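> Requesting a structural model of the entry that follows:
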Amino acid sequence: MANLEEVIIEEEIARRKARTNLKDYTSYTTTDFEWQPYHKAYYEILDRFAKGKIKKLMVSMPPQHGKSEGSTRRLPSFMFGLNPNLRLAVTSYNATIARKFNRDNQRIIDTPEYAALFPETKLNSSNVVTVASSFLRNSEEFEIVGHKGMLKAVGRGGALTSITLDCVIMDDLYKDYQEGSSPVIRESAWDWYTSVVKTRLHNNSQQLIVFTRWHEEDVIGRIEENEKVNVITSLDDLDSFNPNEWVKLNFEAIKTSEKMPIDERAVGEALWENRHSIKKLTEERRIDPNKFECLHQGNPTSKEGLLYSGEWRTYDHIPENVSKKGNYTDTADAGADYLCSVCYDRVGDDIYITDILYTMDSMEATEVMLPKMLNDAGTKQADFESNNGGRYFAINIQKNTKAAINSFHQSMNKEARIVSNSAQVQRHILFPKDWHNRWGMFWKHLTGFKKNFRANAHDDAADVLTGIIEKNIVFKNPKQPSYENTHTKFLKGDSTGFNAATWNAERNGAGSDFF
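Next up, the predicted model:
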C-alpha cells in the first residue's frame, strides 16, 4: 500500500513539474529522449520563450541534434497547454514539412499523458476541414476546442491572410545548400518574412527562428544587419537583454569558441559525441570545410566579397632546404582581440606554417604557452609587434625561449597592409592539410575575411600573415623601413632578421654567429 501511495505521489509531482517546465514536459510526454548537456540549456531558453520572457529568439544548430523536436514539436503543444487561446503559425521551406509539424503536435495533444497535464486543451476528435460550426482539424490548421487557440501550418511563400498571430515559429526556411545559395530564393524568403509574416504580428507577438545556416544573407543574417541581436553565452545574460531585441543561440557541432556557461565543452569536443562523434564530424569537415562551417557550425560565409579568393595552398611535408625558422606575433589590442602567433619554415619564397597560437587567454597563460610553442617549433627568429604592450610581453617571452626576439613598432596602416599584400599572402603561404581542424578559429576568421574591413569582427589572423609576408617577401631587401628595435640588432645589409643576434646582456655569448 505504501508503495502504491509513493507511486501516486511521484506521479503527481512529475505532472506538476511537466505543467510548468518544458524540459519536464518533454520527459513526461516522451520516454526515448536522450538528454545531452546542451539540450538542457536549449530547453531552458525555449521554456523562457514559452512563458513570454523572450519575444524574439533565433537558434542555429547542426542537423539531427534535436533542434526541431524542441522548437516545433514539443514547444507549440506546451504553449497551448499554458494558453489554449494562443494563435500560432508554424512555417518551413515548404507546406509538406509545415503540415508534418502540425500533425506531430496533434498526435502529442491526443495522448493520455497530455490530457492528464492540460485537460482544457483538446482537439476535435474528427478530421474537420471546412465545417463552420465545428472546430477545425486538418493537416493545415487545427483549433483548440472551446477556445480561440489555433495552429496554422504554412510553407515559405504561403498566405497568412486575415490571421492575427501571437507567435510564429519558422523552422528551416531553406531546404538545402542550393536554396540557401540562391540570391533569388533568399530575396524571396526575406520579402515573404517582411511583407507576410511580420504584417500578421502585433506588439506582443513572439518570433522563433530555428534553422541550419546556409548563407550569411539568409533571414537570420538580414535581421542581424537591421536589428539589434544579442548572443547568449550564459542564461544570466537574458536578465540584462531588452525583451524587444533579438536573442541568438548557436551550438557548434565541433566546439571552436571559448568555453562559456551555456556551453561548457572544451575546444575540439563534439556537441553529441554518442550520435555524431568527433571522428565523423572531422571527416565531414575535411571533405568540404566551407559547407561544414555553414551546416554544422552555424557560421555561413559567402564567397562573395571575401578578400582571399580561391583555395589556400596546403602541404603534406616540408622540403629539407629550410632557410629560416621564424615566427610573427601580434599581441591582443583589447579584451575582445586574439593574441596571434604563427611559427613557420621558409623554403625559397614559400612560407610553410608549422604552428599557431590563436587565443584570448590572459597574458599570464600565453607567457607560458608561447615560449613552449617557439621552442617546440625550433624557432630562431621571432618578430613581435611592440604596439599595445607587445614590447614588454616580448621581454617576458625572451626569458624562456632560445629564439631571438625582434621587437618592432608597426606604424603602417593595417587595412592598407592587409589589402595590398593579400595576393602575396595566398601565393606564398602554405598550411598543413588539416589546418582547419588544428586551428579552427584561426581558419574561420581567415577564410571568412571580407574586403569590407568594417565587416570583420577580427583581423588578427590576416594581420599576422601579412606581417610574415612583409618580413620575408615584400621587405627582404635593404629598402625596408627602419624599425624601432629594442631587443635585436641586425647585421649590415640584412633586413629579414634571419641573421640577427639577440641584443640582450643576460644572454651570454650572443653575437653575430648566434645561430
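
> how far does stretch 59-76 stretch from start to finish?
Using C-alpha to C-alpha, to the nearest Å, the end-to-end distance of stretch 59-76 comes to 16 Å.

> pLDDT averaged over that stretch - what is it?
Stretch 59-76 shows a mean pLDDT of 92.

> ok, now stretch 392-401?
Per-residue scores along stretch 392-401 average to 89.

> Might you calculate how far that stretch sits from the centre of the chain?
34 Å (C-alpha atoms, centre = their mean, to the nearest Å).

> which residues sit against that stretch?
Under the criterion C-beta atoms under 8 Å, 6 or more residues apart in numbering, residues 329, 331, 363, 367, 370-371, 374-375, 379, 382, 384, 386, 405, 407, 487, 502, 504 lie in contact with stretch 392-401. The C-beta positions use only the backbone N, C-alpha and C, and glycine is treated the same way.

> And it, what's buried?
Buried positions in stretch 392-401, judged by neighbour count with 16 or more other C-beta atoms under 10 Å: 393, 394, 397, 398, 401.

> what does stretch 89-100 give?
With the criterion 16+ other C-beta under 10 Å, stretch 89-100 contains buried residues 89, 90, 91, 92, 93, 94, 95, 97, 98, 99, 100.

> Any idea how far apart the tips of stretch 390-407 sit?
8 Å.

> again, but for stretch 318-331
End-to-end span of stretch 318-331 (C-alpha to C-alpha): 28 Å.

> buried ones in that stretch?
318, 324, 325, 326, 327, 328, 329, 330, 331.

> Please compute how far that stretch lies from its chain's middle.
Put simply, stretch 318-331 sits 31 Å off its chain's centre (C-alpha atoms, centre = their mean).

> again with stretch 161-181
21 Å.

> do the same with stretch 206-225
13 Å.

> Okay, helices next: where are they in the stretch 251-400 of the chain?
Per DSSP state H, counting those that start in this stretch, the stretch 251-400 of the chain carries helices over the ranges 278-287, 289-295, 363-377, 390-398.

> so can I have TSV of those showing distance to residue 468?
TSV is the format used below for those (distance: least, C-beta to C-beta, whole Å):
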stretch	distance to residue 468
helix 278-287	25
helix 289-295	22
helix 363-377	14
helix 390-398	16
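
> mean pLDDT for those helices: which is lowest?
Here the helices of the stretch 251-400 of the chain differ in mean pLDDT, and the lowest is helix 289-295 at a mean of 82.

> just to revisit the earlier point, I'd like the buried residues of stretch 89-100 as a markdown table, with distance to residue 189 appended.
Formatted as a markdown table, the buried residues of stretch 89-100 follow (distance: C-beta to C-beta, whole Å):
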| residue | distance to residue 189 |
| --- | --- |
| 89 | 15 |
| 90 | 16 |
| 91 | 10 |
| 92 | 11 |
| 93 | 9 |
| 94 | 12 |
| 95 | 15 |
| 97 | 14 |
| 98 | 14 |
| 99 | 19 |
| 100 | 20 |
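
> what's the closest of the residues you listed to residue 156?
residue 93 (5.2 Å; C-beta to C-beta).

> Next one, pLDDT for the nearest residue in space to that closest one that is not next to it in sequence please.
Once flanking residues are discounted, residue 93 sits nearest to residue 175: 4.5 Å by C-beta to C-beta, 6 or more residues apart in numbering. pLDDT, residue 175: 89.

> And the contacts of the lengthiest helix in the chain?
Longest helix in the chain by number of residues, with DSSP state H as the criterion: helix 2-20. Applying C-beta under 8 Å, 6+ apart, the contact partners of helix 2-20 are 24, 25, 27, 28, 29, 81, 116, 117, 118.

> wait, isn't residue 421 in contact with residue 466?
Yes: the pair residue 421 / residue 466 is scored as a contact, 4.9 Å apart, by C-beta atoms under 8 Å.

> Of the two, which one has the most company?
Set residue 421 next to residue 466 and count neighbours by other C-beta atoms under 10 Å: residue 466 wins out with 24 against 21.

> can you tell me the helix or strand for that one?
Here residue 466, judged by DSSP states H and E, is contained in helix 460-469.
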